[in-house]
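>>> give me a 3D structure for the following:
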Amino acid sequence: MPAKAICISRAIWTRAETIAANVARELGYRCIDEEILTVAAEKRNLSAAEVADSEKRKGVLQQFVDDIRRGGVGEMINYIPGQRTLPTAADDVRVVIRDAILETVDAGNVVIVAHAASYAAGSRKDVLRVLITGSPMARATRWVAQSNGKGIREAQETIAESDEARASYIRRFYGVEHEAPDDYDLVVSTDKLTPESITQLILQAARSLDADHPDVNPPQTGWDLPPTPRSPAKY
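Residues are numbered from 1 along each chain as shown. The predicted structure is shown next:
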């Protein structure tokens, strides 16, 4: 059974955006990046009151998702694969982003690159959940090679800050103290594998999901923050 959607979580400087774009092109899917989601949400000038009001929230979310489906926000992004830290956004905007991810997954034929997209979708049998990661040193070395003079120490510090920000977001919004391999269907490291080889791994997995796999965990929906923490697990 082919995947209806592919949710790619990633650490920075893993070339995940390039990989996601390659996968989407091969499958003929749309590719949606977390920065696109953030800009689209912030473009609508969402207020805490709008997020709290259920009727207003539904309208805002529908308009937001319609924008994404039409691709109308893509032109606002200066797209430089691999060279961005996680975009920042207020919690109320992130809540809208979380539900927009789920709505976009429901629409299908999409690759989503976002640091918690897999948690938003849950363990749905029609969604492939991928984590693209790499060791801090390998990612720092990759950054230094393309940074026009920045040092390894600065690269390591920035990567550490980004990794902690990502972990903090997942803790606050999904109650996950530590990521575990079984949070994903496929975990790949970019330390030794090329973007091309990882693209092929994801394509193979996306085209051969188990149709008999049950939907184990319900998708993360709703607006109740924070969620109930789960038991921690470590790699």
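
>>> how about the strands in this protein?
5-10, 30-33, 110-113, 127-133, 186-189 (DSSP state E).

>>> contacts for the third one, please.
In this case it means strand 110-113. 5-8, 10, 16-17, 20-21, 23-24, 27, 29-34, 101, 104-105 (C-beta atoms under 8 Å, 6 or more residues apart in numbering). Every C-beta, even on glycine, is put in place using the N, C-alpha and C of the backbone.

>>> would you turn the strands of the chain into TSV with mean neighbour count, distance to A155 and mean pLDDT?
Formatted as TSV, these follow (neighbours: other C-beta atoms under 10 Å; distance: least, C-beta to C-beta, whole Å; pLDDT from 0 to 100):
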stretch	mean neighbour count	distance to A155	mean pLDDT
strand 5-10	28	17	94
strand 30-33	22	22	88
strand 110-113	27	21	92
strand 127-133	24	16	96
strand 186-189	18	18	97
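
>>> send the alpha carbons of stretch 9-22 over as CSV?
Presented in CSV, the C-alpha positions along stretch 9-22 are these (Å, rounded to 0.1, in the frame of the first residue of the first chain):
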residue,chain,number,x,y,z
SER,A,9,11.1,14.9,11.1
ARG,A,10,14.7,16.2,11.0
ALA,A,11,17.6,17.7,12.8
ILE,A,12,19.3,20.7,11.2
TRP,A,13,22.2,20.2,8.7
THR,A,14,21.1,16.8,7.7
ARG,A,15,20.0,17.9,4.1
ALA,A,16,16.5,16.7,5.0
GLU,A,17,14.9,19.5,2.9
THR,A,18,16.8,18.3,-0.2
ILE,A,19,15.8,14.7,0.5
ALA,A,20,12.1,15.6,1.0
ALA,A,21,12.0,17.6,-2.2
ASN,A,22,13.5,14.7,-4.1
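
>>> before we move on, the earlier item: as a markdown table, the strands of the chain with distance to G151 would be great.
Conversion of these to a markdown table gives the following (distance: least, C-beta to C-beta, whole Å):
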| stretch | distance to G151 |
| --- | --- |
| strand 5-10 | 24 |
| strand 30-33 | 28 |
| strand 110-113 | 28 |
| strand 127-133 | 23 |
| strand 186-189 | 24 |
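
>>> what residues are up against D126?
Contacts of D126 by C-beta under 8 Å, 6+ apart are 1, 3-5, 108, 209.

>>> from R207, how far off is it?
Counting by C-beta to C-beta, to the nearest Å, the separation of D126 from R207 is 13 Å.
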